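Student: Need the 3D shape of this:
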Amino acid sequence: MNLHPITVKAAAAYVAEHHRHLPRVQGGLFAVSAQADGATIGVAIAGNPARVWQGTGRVVISRVATQGAENACSILYGAICRAAKALGYREAWTYTLAEEPGTSLRAAGFQDMGLTRAEEWTRPSRSRLPAARADAKRRWMRSLSA
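Tutor: Numbering: from 1, shown residues only. This next block holds a predicted model:
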């Protein structure tokens, strides 16, 4: 398995085809792909955190999608973290469904930060499409400063 750069647009198309429960992703900052035998077997997309966290040295890994290759998720998480550190970010955050075990995240050095509140994305000041899932999510964080 080798890592290769990929455009956010191409990575988003891959996510639309292969992600288990969230096929749409709204843009991103940068992306990476994992390839084997010349074929893409997984992608990861890094994006901006929520507006309140922007400018604080945090990057969010908004999507990781693979075709199930062993260790592909962990390798992609690690690659995004190395790239983010090189760009000056101090922390990487990501979210999973509460029932997901986070095995790949633990292997990539992420710490479980607990559950978020279950809520919709719509706010009085800005309406949004209904969330695909408004369940509580598990937040994960990896420090990039070490």
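
Student: Now find how far off-centre the helix or strand hosting Asp112 is within its chain.
Tutor: In the assignment (DSSP states H and E), Asp112 maps to strand 111-115. Centroid displacement of strand 111-115 relative to its chain, using C-alpha atoms, centre = their mean, to the nearest Å, is 15 Å.

Student: again, but for stretch 33-40
Tutor: With C-alpha atoms, centre = their mean, you get 19 Å for stretch 33-40.

Student: Surely Thr66 is in contact with His18?
Tutor: Yes. Thr66 is within contact range of His18, at 7.1 Å (criterion: C-beta atoms under 8 Å). For every residue, glycine as well, the C-beta is placed using N, CA and C.

Student: which one of the two has more residues nearby?
Tutor: Neighbour count, other C-beta atoms under 10 Å: between Thr66 and His18, Thr66 has more, with 22 against 17.

Student: distance of the most far-flung residue of the chain relative to its centre from Arg117?
Tutor: Distance to the chain centre peaks in the chain at Pro124, reaching 27.0 Å (criterion: C-alpha atoms, centre = their mean). Applying C-beta to C-beta, to the nearest Å, the value for Pro124 to Arg117 is 17 Å.

Student: where do the helices sit along this structure?
Tutor: 8-18, 72-86, 103-107 (DSSP state H).

Student: Between these, which one is closest to Gly28.
Tutor: Nearest to Gly28 among the helices of the chain is helix 8-18; the distance by C-beta to C-beta comes to 4.0 Å.

Student: Show me which parts of the closest one are buried, residue by residue.
Tutor: The neighbour-count check on helix 8-18 (16 or more other C-beta atoms under 10 Å) flags 8, 11-12, 14-15, 18 as buried.

Student: Tell me where the model's unsure across this structure.
Tutor: 20-23, 49-56, 118-123, 126-134, 146 (pLDDT under 70).

Student: Let's see that with 80 instead.
Tutor: 19-27, 49-56, 116-136, 146 (pLDDT under 80).

Student: most centrally placed residue in it?
Tutor: Residue closest to the mean C-alpha point of the chain, counted by C-alpha atoms, centre = their mean, is Ile61 at 2.6 Å.
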